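Student: using only what follows, build the 3D model:
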Amino acid sequence: MADAFVSFAVQKLGDFLIQEVNLRLSLREDVKWLRNELLFMQSFLKHAEEKQSGDQRVQQWVFEINSIANEAVSILETHSFVAREGDDDEFASHLKACACICRKETKFYKVAKEIQSLKQRIMDVSRKRETYGITDINNAGEGASNRSNDQPAIVRTLRRTASYVDEDHIFVGFQDVVQILLAELLKEEPRRSIISIYGMGGLGKTTLARNLYTSPNIVSSFPTRAWICVSQEYKTMDLLRDIIKSIQGRTKENLDLLEKMTQTDLEIYLRDLLKGLKYLVVVDDVWHREAWESLKRAFPDIKNGSRVIITTRKEDVAERADDKGFVHRLRFLSQEESWNLFLTKLLDVQVMVPEMERLARDMVDTCGGLPLAIVVLSGLLSHKRELEEWQKVEDHLWKNIKDDSIEISYIISLSYNDLPTVLKQCFLYFGVFPEDRVIYADDIMQLWMAEGFIPRGEERMEDVAEGFLNELIRRSLIQVVSTMWEKVAECRIHDLLRDLAIKKALELNIFDIYNPRKHSISSFCLRHVIHGRAQRYLSLDRSNMKLRSIMLYDRDFCKLGLINFRNEFQHLYVLHLEIHSGTKLPDAIGSLYHLKFLTLRGIHDLPSSIGNLKNLQTLRVFNKYRHLCQLPPETADLINLRHLVAWYSNPLKHLSKLTSLQVLNGISCDQWKDVDPIDLVNLRELRMFCIAKTYSLKNIGNLKLLHTLFLGCIRDESFPALEFLTSCQKLQRLWLKGRIEKLPLSDPFPNSITMMFLRYSKLMVDPMPILGILPRLRNLDLKGAYEGKEISCSDNSFCQLEFLRLNKLPNLERWHLATTAMPLIKGLNIRGCPQLKEIPKRMKDVERLKRIHR
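Tutor: Model prediction:
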């Protein structure tokens, strides 16, 4: 797929030459030269991608070509908008004719200058191909010879996620360990005790600790909980501050106070804060004894049953954390457990002939019972169908065996090298997030789109990006945290895989993470990531850097005035600001003309200059619960906006101008009533809140492509009439939260619906007869939705239903299930139904759903 980006760039350059007939000759010749050079290089790329897994030079070369292609497209897209820019007032246009001509010439000059810069980069890349001997690309070996023909399979979206196994919350063989450690945490021992979990990287220490931390019994037993990740490089004062912030919150007064404290002050402050509280603190990934020694004085022992969990790779750290503590060494999986885990994660391999099974068992044995190595290996083999392909993988493994065991880093690298170029870029991008971070799937996919990692074609970029994410999950390079609507909602990357992503990204100059200890960051990387100490980062000299992305994760930072938006950040495509709550965004944000992705956390008010960001595709504003942001009217001028996720207060007039909008999340019913959705021709997902019975929702029926609909009422309010839903013929996912006085008797819901969540509907009449006739309904979740005593599912009803959840139905006593109802049911969850003494006999063997998806 490496040539997909170049092919699109070549097409764009050709269109540019046709449309702009009045170009100066020198600029036209430069554009022609650039197009022809990329066209020539395109013929090499398919073979280069096959060869790059074994040659770092080729890999770098391919990445540089993709970068140039993306840059060319961005320059032309920017110019195309400038060329369309004009004044709607004809008289005013005539008055300003001379000024417009001068302005257009200035813009052409800028385009010419940027094209010249790309021309120089192309010549540099060509020179490198010869200088470093990258000349025999067309004769590359078979390494990944089948991969270039695999493009449709990669682009094809894997929309169903039901095949993900238990979402990686507990690896095979951990169930008994969970029970042992839960008992240790909850036992009636008043002394503050330490539970240490140790073992090598990839055994699942953090996974195990996280499962304990989120266990319902633990949550109810420990009112105060905190989690910190230490890692190899740490600063005790930062760790102490993080624990205090997680307990107390991040008010400005609190942050200012903590910043002034010495380490001794912080220890005393934390001790005083924890006195009288029963707490559980997880200290994850401790590498050195000194790290815990420097922290433990801050944890008081007031004999109330408080606990600390430590995870570490070092035995001496675990053994010496507490003389009377509980130490658990995480074991390797047995041969049988290893094989079961491998089979559990082996997707899409329908038939495993005996010879393939023999190869697989040998490779699994080579993993030595290390869970991460096994799941990555199974992910690597999942997309390989032929015996010869499996044989090649085994040959690679045997060549790198050391002392009868395989280095996990090699298995990870092997799986990474097997990725096509486009998936390599997407995988490496996971390294920008802070360690152990839960990552929203929408966030990472929209970042890929803004960065130009998603090839353009007939399919929507969002669908292609979802397919890429699912492919990385299928290869076990990324873990699923939660799902919603049968899609991945949240995910994470294992720290060993993240280490690889960061290492490779720095080698390829894709991004670098600011190191506050060394006070340094690569000047060659176009993407800078800051995980803290933002003020120190901003003191670096960035005057000669054309930064493409800035991702700032520092909730203690509030001095946006230190950022020179107009100069140092003017080339940005991606800006993520996660900073101290309450900060105001400066007007200078409007000068970031190239910006395609803008995420803001902790910022409430946006200036009117936001309307200048004509290339913006994604705008996401997140604040504390119920804290609405201020979107200026000019937001409606963002003509290329595809995703607007912001719970905002004032109505946004002229919302219908956003014809490219795909996702609208955060609008209130009061704001929607004046919207004419007839022009929102691309809207596929709508989330609306504060609905009252007095409003009409009829105009939602005009959204012909609407795929997902989330409607929430004001507390104790009822929905208005729902007949409009019949007009939403492509609606598949429906979530209704609020009282429904009565379901219409005929065709209340479109037949296209596959998933339905009813929340606190408080229906008085059994909804099952109406819901049961929906021909495609696969997933039904009823929570507080019905107040009657019985439900009835007649013959042939719920013909496609696979998952059913019944929750908070306090009056439900009887469930009548006909013999032929729900023939495909495979998952059931019943909670909060105290009067339901018995479920239908046929349901007793159905797998109990362990998780309620959000």
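Student: quick one: neighbours of the nearest residue to G325 once chain neighbours are set aside, just the number.
Tutor: Using C-beta to C-beta, 6 or more residues apart in numbering and skipping residues adjacent in sequence, the residue nearest G325 is I194, 3.8 Å away. C-betas here are computed from N, CA, C, even on glycine. A total of 21 residues lie near I194 under the criterion other C-beta atoms under 10 Å.
Student: quick one, what contacts I194?
Tutor: 307-310, 321-322, 325-326 (C-beta atoms under 8 Å, 6 or more residues apart in numbering).
Student: that one in helix, strand or coil?
Tutor: strand (DSSP: H, G, I helix; E, B strand; the rest coil).
Student: tell me what it is bridged to.
Tutor: V308 (DSSP bridges).
Student: need the contacts of I194 in JSON lines (columns: distance to L212 and neighbour count).
Tutor: Below are those laid out as JSON lines (distance: C-beta to C-beta, whole Å; neighbours: other C-beta atoms under 10 Å):
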{"residue": "R307", "distance to L212": "10", "neighbour count": "27"}
{"residue": "V308", "distance to L212": "12", "neighbour count": "22"}
{"residue": "I309", "distance to L212": "7", "neighbour count": "24"}
{"residue": "I310", "distance to L212": "12", "neighbour count": "28"}
{"residue": "A321", "distance to L212": "16", "neighbour count": "23"}
{"residue": "D322", "distance to L212": "17", "neighbour count": "19"}
{"residue": "G325", "distance to L212": "15", "neighbour count": "19"}
{"residue": "F326", "distance to L212": "12", "neighbour count": "21"}
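Student: state the pair within these that is farthest apart.
Tutor: R307 and A321 (12.2 Å; C-beta to C-beta).
Student: quick one: the helices in the stretch 551-700 of the chain, in order.
Tutor: According to DSSP state H, counting those that start in this stretch, the stretch 551-700 of the chain carries its helices in the segments 669-672.
Student: which stretches of it have low pLDDT?
Tutor: For the stretch 551-700 of the chain, the stretches flagged by pLDDT under 70 are 581-582, 624-626.
Student: of the contacts of I194, closest to R492?
Tutor: Nearest member of the contacts of I194 to R492, counting by C-beta to C-beta, is I309, at 18.5 Å.
Student: ok, the closest one - contacts?
Tutor: 185, 194-197, 209, 212-213, 280-283.
Student: likewise I530?
Tutor: Shown in contact with I530 (C-beta under 8 Å, 6+ apart): 513-514, 537, 550-554.
Student: do C833 as well
Tutor: Applying C-beta under 8 Å, 6+ apart, the residues near C833 are 806-810, 812.
Student: filter these down to the buried ones and hand me the PyMOL line.
Tutor: Buried residues within the contacts of C833, by 16 or more other C-beta atoms under 10 Å, are selected in PyMOL with:
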select buried, resi 806+807+809+812
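Student: in strands only, show me the contacts of C833.
Tutor: Counting by DSSP state E, the contacts of C833 place 806-807 in strands.
Student: TSV please, covering the contacts of C833 and showing distance to S382.
Tutor: Formatted as TSV, the contacts of C833 follow (distance: C-beta to C-beta, whole Å):
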residue	distance to S382
L806	35
N807	34
K808	39
L809	40
P810	45
L812	42
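Student: now the contacts of C833 as JSON lines including distance to C669 and pLDDT?
Tutor: Listed next are the contacts of C833 as JSON lines, based on distance: C-beta to C-beta, whole Å; pLDDT from 0 to 100:
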{"residue": "L806", "distance to C669": "29", "pLDDT": "94"}
{"residue": "N807", "distance to C669": "26", "pLDDT": "93"}
{"residue": "K808", "distance to C669": "25", "pLDDT": "94"}
{"residue": "L809", "distance to C669": "27", "pLDDT": "95"}
{"residue": "P810", "distance to C669": "29", "pLDDT": "94"}
{"residue": "L812", "distance to C669": "31", "pLDDT": "95"}
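Student: so which of the contacts of C833 comes closest to L577?
Tutor: Checking those one by one against L577 (C-beta to C-beta), the nearest turns out to be N807, at 37.6 Å.
Student: could you tell me which residues make contact with the nearest residue to that closest one once chain neighbours are set aside?
Tutor: In space, and not counting its chain neighbours, N807 is closest to K783: 4.2 Å by C-beta to C-beta, 6+ apart. By C-beta under 8 Å, 6+ apart, the contact set of K783 is 757-760, 805, 807-808.
Student: just list whatever residues bridge to K783.
Tutor: Beta-bridge partners, per DSSP bridges, of K783: R759, N807.
Student: what ranges in the stretch 701-850 of the chain fall below the confidence cut-off?
Tutor: Looking along the stretch 701-850 of the chain with the criterion set at pLDDT under 70, you get 745-746, 847-850.
Student: ranges for the helices of it?
Tutor: 768-771.
Student: how about the strands in it?
Tutor: 708-713, 733-737, 755-759, 779-783, 790-793, 803-807, 814-817, 827-831, 847-848 (DSSP state E, counting those that start in this stretch).
Student: what's the neighbour count on I830?
Tutor: Neighbours of I830 (other C-beta under 10 Å): 17.
Student: next one: G199
Tutor: G199 - counted by other C-beta under 10 Å - has 20 other residues nearby.
Student: give me phi/psi at it?
Tutor: phi 160, psi 170 (degrees, to the nearest 10).
Student: return the residues in contact with it.
Tutor: G199 neighbours (C-beta under 8 Å, 6+ apart): 205, 313, 329-331.
Student: list of residues touching the longest strand along the chain?
Tutor: Longest strand in the chain, counting residues (DSSP E): strand 574-583. The contact list for strand 574-583 (C-beta under 8 Å, 6+ apart) reads 250, 252, 255, 447, 450-451, 527, 534, 548-558, 560, 569, 592, 595-604, 623-624.
Student: which of those residues fall in strands?
Tutor: Those of these lying in strands (DSSP E): 527, 549-553, 597-603.
Student: can I get the residues you listed in CSV with distance to W390 and neighbour count?
Tutor: CSV is the format used below for the ones in strands among the contacts of strand 574-583 (distance: C-beta to C-beta, whole Å; neighbours: other C-beta under 10 Å):
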residue, distance to W390, neighbour count
R527, 37, 22
S549, 38, 24
I550, 43, 22
M551, 39, 22
L552, 44, 22
Y553, 41, 19
F597, 40, 24
L598, 45, 24
T599, 42, 21
L600, 47, 22
R601, 45, 18
G602, 50, 21
I603, 51, 23
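Student: can you add distance to S294 and give the residues you listed back as CSV?
Tutor: Formatted as CSV, the ones in strands among the contacts of strand 574-583 follow (distance: C-beta to C-beta, whole Å):
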residue, distance to S294
R527, 33
S549, 35
I550, 32
M551, 29
L552, 28
Y553, 24
F597, 39
L598, 39
T599, 34
L600, 35
R601, 30
G602, 29
I603, 34
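Student: so which of those comes closest to T819?
Tutor: T599 (52.0 Å).
Student: specify the beta-bridge partners of the closest one.
Tutor: H576, R620.
Student: that one and V353, how far apart?
Tutor: The gap separating T599 from V353 is 48 Å, by C-beta to C-beta, to the nearest Å.
Student: what's the answer for L664, then?
Tutor: With C-beta to C-beta as the criterion, L664 and V353 are 50 Å apart.
Student: which of those two has more neighbours?
Tutor: Taking neighbours as other C-beta under 10 Å, L664 and V353 compare with L664 leading, 25 against 10.
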